[in-house]
Structures are given as structure tokens and as C-alpha cells.
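Colleague: this one's structure only:
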Ligand SMILES: Cc1cc2nc3c(=O)[nH]c(=O)nc-3n(C[C@H](O)[C@H](O)[C@H](O)COP(=O)(O)OP(=O)(O)OC[C@H]3O[C@@H](n4cnc5c(N)ncnc54)[C@H](O)[C@@H]3O)c2cc1C
């Protein structure tokens, strides 16, 4: 069978790129082994325009955020499912100084699109926010599992549910062959699986393990709370709380240390006790050393590409960069040099 693109991996990245290529009329196949580490299936799915300890606008927010809603809403219409929830994010202040700093930000036109309101008083008797906090907008969360399930059905003709074995990928005359497929181009969207690829093992991935809990707690405001940990209400008093970040213990198992860390941080945020821990999951984020994604073409192998390295922010990065990658693959439009893997070609 002759096809244009073989995509390896159907996490969030592979799904978005496969959708755009199929929409453009290309013949595609996707190989995905669901049991491989799949960061997307564990993620909380938050998109948050102002992040980090210093609360700065997230990298490229003004380019990324306008595409988020359009893209995921388009997939919702396509599949008839709902997976995008727009929600404000409330971040309590730790001090009066921080409150003042944010009062300053409120006059900054660069923050206008993301700043709903600044509160100088506590917003709930159940929150530990004596100095008030900032309410962010243009934020929310994506139910990535629902999106992937819906898109798996959409790709039923294209999806091959098995492990991709790179040793079977061979260059024959003008195409790549993989089992019975004749392929023009191969795109690695396989998250950390790309670290073991003979083509892309030179790229500096920097995997980060994350652990996340689902808990019952009887406080259900209409916003996400985020300080030290995020707390997303999923419905019926169930909240997703997390996540931890560790570069050292990359074992995929759940740890008591991480569970306690999340619960301690939640105690610093919410006054009510956790009634029950419903689940404890772990995953490893396909992060990169410079925290920028990996897009582009292998320097010497014809038709070998990568779309990867979305780290802790796949939900906000993938819609915008899947558009850029598609324009590159189909029309040779340049990739942003900040994400182009050409920045690492001297590592080979
Ligand atoms: C605890 C945790 C919390 C997170 N929270 C958020 C959040 O709130 N917001 C956010 O934006 N991001 C979050 N992330 C990060 C997010 O998960 C990633 O940015 C994103 O999902 C990466 O998607 P991906 O498709 O590149 O990789 P993956 O989801 O890892 O997908 C790779 C796919 O390739 C497949 N694969 C690998 N090797 C092979 C092979 N040999 N053969 C066949 N298939 C293969 C895997 O099975 C998988 O389906 C979180 C991550 C973790 C772990």
C-alpha cells in the first residue's frame, strides 16, 4: 500500500498532526502502541497563559492561545464529543507585595487578554488566600482521554494498533518501506520513544516524571485553583490535583513521596480535608533541554521528520505548532528557528 505519511504515535501530537494532514487530503497511516508511555493519557490537560513561580506570560502565549479554542472546538464538531472546558484560573497571592505587583500588571496591555480580575480579599472561606489573588482568563482544561478516544474512532481506517519496530523501516529506491507499506515520509510523534530512534537519538530530550491524584473534596468553585498545585473540578466533588516534577526518578510507578507532596500542597491551598483519594497516576513528560519543542527534518535522511518535545504544555503548544508543521510538510514553509531541530545539528 502506498501512502504519503506514516506517523509514529497517536498521543496529542500525533493526533493533531494526523488530523491536519488528513484534512489536507493526504494518505496517512498512524502506528500507535497504546501501552507505551503515553504522557497525554495522564495529563491534567490545563492550558494556562500565565505560569511559573514568577508568573510570566507563557512562551509565545499571544500566538498559541488564539488557536487553542478554534482547534479543539473543530475536533469537537468533527467527532460530536465535548472535551474542552473553558475555566478561569484563580491564583492566590502569597503576600501583599505580590498583590501590589499584580496591580501593576493590570495596567500592562500585554496582560489584558489573560487577566480577568485582581482580588485584594479572600474569595472563599475554604481557601487559604488571605491576600486575595488573581483570576486569569483565556484558560481551562482539555479532557485529553476523551479527545484521544474520539479521534481513535475517527482514524479507524488509518490506525494500526501495534508497536512500531524501527529496524523494519528500510529505504528502498525512492520511498521508505515498513512491512507492506510504501511511504513517502515518516513523522516521529512518539514522545519519549524517539529517544531510542536511530534518527533522533541525538536530540537532547530531558524527561520529567509527573504524578497526579484524583480526590474527593467538598469545595467546588467555578474556577481552577492554582498555587503550588492545581486543582481542577471534574464534577461531583471530584478534583484532579497535581502535578509533581522530577527528573531523577523516571520509574513509571506511583510513589508515596509524590502523593504526600501533592496532599501537603493542597493543604496549603484549601482548608477542607480530602475525603478520599480515588486515583494516583504517573507519566513522563517528553520535555527537552531548552524547553522548546522539536520540529523538523532529519539533516541527511530523506523524508524523516519529527514532531515532538511538547514537555509540560502539549495542550497549548500542539494546535499552533501542528499547523506550522503541516505548512512545512506540505508547502515547505519555514519552521520557527526556536523549535527547528536544526538548532541541534552540531550534536550529531
Ligand atoms: C502528570 C502529567 C501532567 C501533565 N499535565 C499537563 C497539563 O496540565 N497541560 C499540558 O498541556 N500538558 C500536561 N502534561 C504534558 C502532556 O501530557 C504532553 O505535553 C503531551 O501530552 C505530549 O503528547 P505527545 O503526543 O507528544 O506524547 P505522548 O502522549 O507520550 O504520545 C506518544 C505516543 O507514541 C506512542 N509510542 C511510543 N513509542 C511507540 C512505538 N514504538 N510504537 C508505537 N507507538 C509508540 C505512545 O504509546 C503514545 O501514544 C502533563 C504530563 C504529565 C505526565
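Modeller: Arrived safely, thanks for sending. Quantities reported herein were computed from a predicted structural model and do not represent experimental measurements.
Colleague: ok, now which ones touch the residue nearest to the spatial centre of the chain?
Modeller: In the chain, the residue lying closest to the centroid (CA atoms, centre = their mean) is residue 314, at 2.0 Å. By CB atoms under 8 Å, 6 or more residues apart in numbering, the contact list for residue 314 reads 11-13, 39-40, 43. From N, CA and C alone the C-beta is placed, and that goes for glycine too.
Colleague: Buried among these? Need that as a selection in ChimeraX.
Modeller: Selection of buried members from these for ChimeraX, criterion 16 or more other CB atoms under 10 Å:
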select :11,12,13,39,40,43
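Colleague: what two of the contacts of residue 314 are the furthest from one another?
Modeller: Farthest pair in these (CB to CB) is 13 and 43. Separation: 11.9 Å.
Colleague: Filter the contacts of residue 314 down to the ones in helices?
Modeller: Those of the contacts of residue 314 mapping onto helices are 12-13, 39-40, per DSSP state H.
Colleague: pLDDT weak spots in the protein?
Modeller: 53 (pLDDT under 70).
Colleague: if I pick residue 110, what's in contact with it?
Modeller: Contacts for residue 110 (CB under 8 Å, 6+ apart) come out as 57, 62.
Colleague: Next, it: phi, psi?
Modeller: Torsion angles at residue 110 (phi, psi; degrees, to the nearest 10) stand at phi -60, psi -20.
Colleague: Could you do residue 26 as well?
Modeller: For residue 26, the backbone dihedrals (degrees, to the nearest 10) come out as phi -80, psi 150.
Colleague: who in the stretch 201-348 of the chain is up against the ligand?
Modeller: 210, 212, 242-243, 283, 285-286, 308, 310-316 (CB under 6 Å from any ligand atom).
Colleague: Which ones among the residues you listed lie within strands?
Modeller: Among these, the members found in strands (DSSP state E) are 210, 212, 242, 283, 285, 308.
Colleague: pretty sure the fourth one contacts residue 209?
Modeller: So that's residue 283. Yes - if you go by CB atoms under 8 Å, residue 283 and residue 209 touch, sitting 7.5 Å apart.
Colleague: what sits in contact with each of the two?
Modeller: The contact sets of residue 283 and residue 209 overlap at residue 252 (CB under 8 Å, 6+ apart).
Colleague: how much space between the residue with the largest distance to the centre of the chain and residue 302?
Modeller: For the chain, the largest distance from the centre (CA atoms, centre = their mean) belongs to residue 173, which lies 37.2 Å off. Plainly put, residue 173 is 11 Å away from residue 302 if you go by CB to CB, to the nearest Å.
Colleague: How about residue 97?
Modeller: 57 Å.
Colleague: what's the answer for residue 230, then?
Modeller: According to CB to CB, residue 230 and residue 302 sit 43 Å apart.
Colleague: more crowded one of the two?
Modeller: Just comparing residue 230 and residue 302: by other CB atoms under 10 Å the higher neighbour count belongs to residue 230, 23 against 12.
Colleague: element containing that one?
Modeller: Here residue 230, judged by DSSP states H and E, is contained in strand 229-235.
Colleague: Mind listing the strands that strand pairs with, and their directions?
Modeller: Strand 229-235 sits in its sheet next to strand 224-227 (antiparallel), strand 238-242 (antiparallel), going by DSSP bridges.
Colleague: which residues sit in contact with residue 305?
Modeller: 185-188, 296-298, 325, 329.
Colleague: Beta-bridge partners for it, please?
Modeller: Beta-bridge partners, per DSSP bridges, of residue 305: residue 187, residue 297.
Colleague: which of the residues of the stretch 201-348 of the chain next to the ligand sit farthest apart?
Modeller: Spatial extent of those (CB to CB) is set by the pair 242 and 308 at 22.7 Å.
Colleague: How about stretch 45-56 and the ligand, touching?
Modeller: Yes - contact of stretch 45-56 with the ligand (CB under 6 Å from any ligand atom) involves 45-46.
Colleague: End to end on stretch 74-92, go ahead and measure it.
Modeller: The first residue of stretch 74-92 is 33 Å away from its last residue (CA to CA, to the nearest Å).
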